[in-house]
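1. Structure for this input, please:
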Amino acid sequence: MKMKLLLSAILSLAAWSLSSMAAANWEAGACPGTGTAPCIETVVNGNTYHFNGNGDNAGIWHGRPAAEGGGDFEFANDGVILACPGIEPNCDLVLNGQVKKCKDFDGKWRLGVKVTGGDVSGSFLCSALTLSGFPWYSADPANHSHPDQCAFTDDCDNFLPYDPSTSNYVGHFGEVTVSSVLGTHVDAEHLHNVIFTANNQGATPTANFDFTNKMFTDCSGTGDCSIDGILYLDNAEELNIY
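-> Here you go, the predicted structure:
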């Protein structure tokens, strides 16, 4: 009995510590509007949180604030077309992700996006599709060429350059695998020029990833599958980058 009580206490302490660490990554309130580093802000259930522009919490992946239940941000929509030779299902697509800010080798700020999971549903064929290859990472198009530069890893030097004056962020995403009972349709490929628009950058109705008419491409620059749709932030009211 003592051993059980001790184990229970240790587990409770560990859970509390992890929760406290996660909560510390987000500060209550809006971005202060000053600083040279990116300030990322979210609104969940009417409550505003940020990790601010003075460089704090750099290099840490952020999902939703722990105070709001934690977990990843969710982007979703129906009517997303996943087209490959012989199939073109119209599906409901959900992608889960996190964001972070970090300094690259030259000391410049960059923004990273990590897709941690996803799900396809809807018709029978949609439900038969499986997404894999997670995590998928964003990559700076300026650092990407075929076949020499085709890496999608957790590397700050390869993330998107921070620009406080930009209207949106454009990046490549990979590596994506899509399969079904018919075989592997997309095999460790990536998407070029996916557009992320935050709420403060004019996103309507909310922050979104624009996958309109994007081709899946391998590192040789070829591919025969595509995606067509826009995924909207689904489990928070806002996601802002200042």
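
2. before we move on, which element is the residue most central in space within the chain in?
-> Central residue of the chain (C-alpha atoms, centre = their mean): residue 97, 3.4 Å from the mean position. Residue 97 is part of strand 90-103 when elements are defined by DSSP states H and E.

3. Against which helices or strands is that strand packed?
-> strand 73-83, strand 109-121, helix 124-127, strand 230-233 (3 or more C-beta pairs under 8 Å, 6 or more residues apart in numbering; DSSP states H and E). In short, each C-beta sits where N, CA and C put it, glycine included.

4. Any idea which of the ones you listed has the lowest pLDDT on average?
-> Among the helices and strands packed on strand 90-103, helix 124-127 carries the lowest mean pLDDT, a mean of 94.

5. Identify the residues contacting that helix?
-> Helix 124-127 is contacted from outside by 82, 87, 89-92, 120-121, 180, using C-beta atoms under 8 Å, 6 or more residues apart in numbering.

6. with those residues in mind, which one is nearest to residue 223?
-> Ranked by distance to residue 223 (C-beta to C-beta), the contacts of helix 124-127 are led by residue 82 at 12.9 Å.

7. And the closest one, how close does it get to residue 39?
-> Note on residue 82: its distance to residue 39, by C-beta to C-beta, to the nearest Å, is 35 Å.

8. neighbour-wise, which of the two wins?
-> residue 82 (26 against 21; other C-beta atoms under 10 Å).

9. Report the contact partners of the more buried one.
-> 88-89, 91, 93, 120, 126, 129, 178, 225-227.

10. circling back to that earlier point, closest to residue 192 out of the helices and strands packed on strand 90-103?
-> strand 109-121 (14.8 Å).

11. packing partners for the closest one?
-> Using 3+ C-beta pairs under 8 Å, 6+ apart: strand 109-121 touches strand 90-103, helix 124-127, strand 130-132, strand 136-139, strand 160-161, strand 169-180.

12. what angle sits between it and strand 90-103?
-> 160 degrees (axes from the mean of the first three to the mean of the last three C-alpha atoms, to 10 degrees).

13. Partner strands of strand 109-121, with direction?
-> Paired neighbours of strand 109-121 in the sheet (DSSP bridges): strand 90-103 (antiparallel), strand 136-139 (antiparallel), strand 160-161 (antiparallel).

14. Go through the ones you listed and pick out the most buried.
-> Of all those, strand 136-139 has the most neighbours on average by mean count of other C-beta atoms under 10 Å, namely a mean of 24.

15. outside of that one, which residues touch it?
-> In contact with strand 136-139 (C-beta under 8 Å, 6+ apart) are residues 111-115, 151-154, 158-160, 171-176, 190, 194.

16. Apply 10 Å and report the result again.
-> 95, 97, 99, 110-118, 149-155, 158-160, 169-177, 190-192, 194, 196 (C-beta atoms under 10 Å, 6 or more residues apart in numbering).

17. avg pLDDT for it?
-> Per-residue scores along strand 136-139 average to 98.

18. for the closest residue to residue 28 other than its chain neighbours, helix, strand, or coil?
-> Of all residues not flanking residue 28 in the chain, residue 49 sits nearest, at 6.0 Å (C-beta to C-beta, 6 or more residues apart in numbering). Under the three-state scheme (DSSP: H, G, I helix; E, B strand; the rest coil), residue 49 adopts strand.

19. if I read this right, residue 49 contacts residue 43, doesn't it?
-> Yes: with contact defined as C-beta atoms under 10 Å, residue 49 and residue 43 form a contacting pair (7.8 Å).

20. Are there residues contacting both of the two? Which ones?
-> Counting by C-beta under 10 Å, 6+ apart, the residues touching both residue 49 and residue 43 are 30, 68, 236.

21. hmm, which of those residues are the buried ones?
-> For the shared contacts of residue 49 and residue 43, a burial check counting by 16 or more other C-beta atoms under 10 Å picks out 68, 236.
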